[in-house]
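# Give the three-dimensional model of this entry:
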Amino acid sequence: MSPARIDHLVTSGTFSLDGGTWDVDNNVWIVGDDAEALVIDAAHDADAIAAAVGDRRLTAIVCTHAHDDHIDAAPALAARYGAPVLLHPDDRVLWDMTHPDRAPDSGLADGQTLTVAGTELTVLHTPGHAPGAVCLHAPSLGTVFTGDTLFHGGPGATGRSYSDRPTIEASIRARLLTLPPETVVRTGHGESTTIAAEEAGAREW
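Residues are numbered from 1 along each chain as shown. Predicted coordinates for the structure are as follows:
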């Protein structure tokens, strides 16, 4: 079996929290093969994401966290494919701000393994940007999907409700910087990076 491939698209919309709204571009990652796929962060545009998934079986929609810009298209995409929406329970308070009438279908737990197209993704609970923030490590693909926990240039933002800078730094140091240095970091916004590059930058925190 050939390894799963990673498809990438950028969708545009807004992020709202604490009374403010900002324009944002989000990375949407799709892991799979020609038969099935898994979506990481259904942001903004269910039609665009569905076009990228095509007629493949959608095994799950995984939310790295529940800020509205990462989950706003999740229910529509889930309904289209009959796929479950997965979210760490610690982020339910944020989810309910956006989708009070539609609960996630299942929780995510630290150490849980998701499999798509013969490829395993391990859930890493990395709180800080949000209480239930998670990353997905795919060793066979040499990559980790970090949502808004780790970016090119350092930790995700912690200036809003339900976030905490010491917590995100601890999560990154314990759960991400311990991954193989050549691991590609695929982020929730902006360009990708590597664990080695961000480990070097962490000395400046």
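
# distance between stretch 114-129 and the chain's centre?
9 Å (C-alpha atoms, centre = their mean, to the nearest Å).

# Same question for stretch 75-90.
Here stretch 75-90 is found 13 Å from its chain centre; the criterion is C-alpha atoms, centre = their mean.

# Now do the strands in the protein.
Under the criterion DSSP state E, the chain contains strands at 5-17, 20-32, 36-40, 57-62, 85-87, 106-107, 113-116, 119-125, 134-138, 143-147, 150-151, 154-155, 184-187, 193-194.

# Deepest in the core, which of those strands is it.
Highest mean neighbour count among the strands of the chain (mean count of other C-beta atoms under 10 Å): strand 143-147, with a mean of 27. For the C-beta atoms, the positions are set from N, CA and C on the backbone; glycine is no exception.

# by how many degrees do that one and strand 119-125 diverge?
Using axes from the mean of the first three to the mean of the last three C-alpha atoms, to 10 degrees, the direction of strand 143-147 lies 40 degrees away from that of strand 119-125.

# Show me how far strand 143-147 is from its chain's centre.
With C-alpha atoms, centre = their mean as the basis, strand 143-147 stands 7 Å off its chain's centre.

# got a list of what the closest residue in space to residue 22 that isn't next to it in sequence touches?
If the residues on either side of it in the chain are set aside, residue 22 comes closest to residue 15, at 5.1 Å by C-beta to C-beta, 6 or more residues apart in numbering. Contacts for residue 15 were tallied using C-beta atoms under 8 Å, 6 or more residues apart in numbering; they are 21, 22, 24, 67, 68, 69.

# same question, residue 58
Counting by C-beta under 8 Å, 6+ apart, residue 58 has contacts 36, 37, 38, 39, 77, 81, 82, 83.
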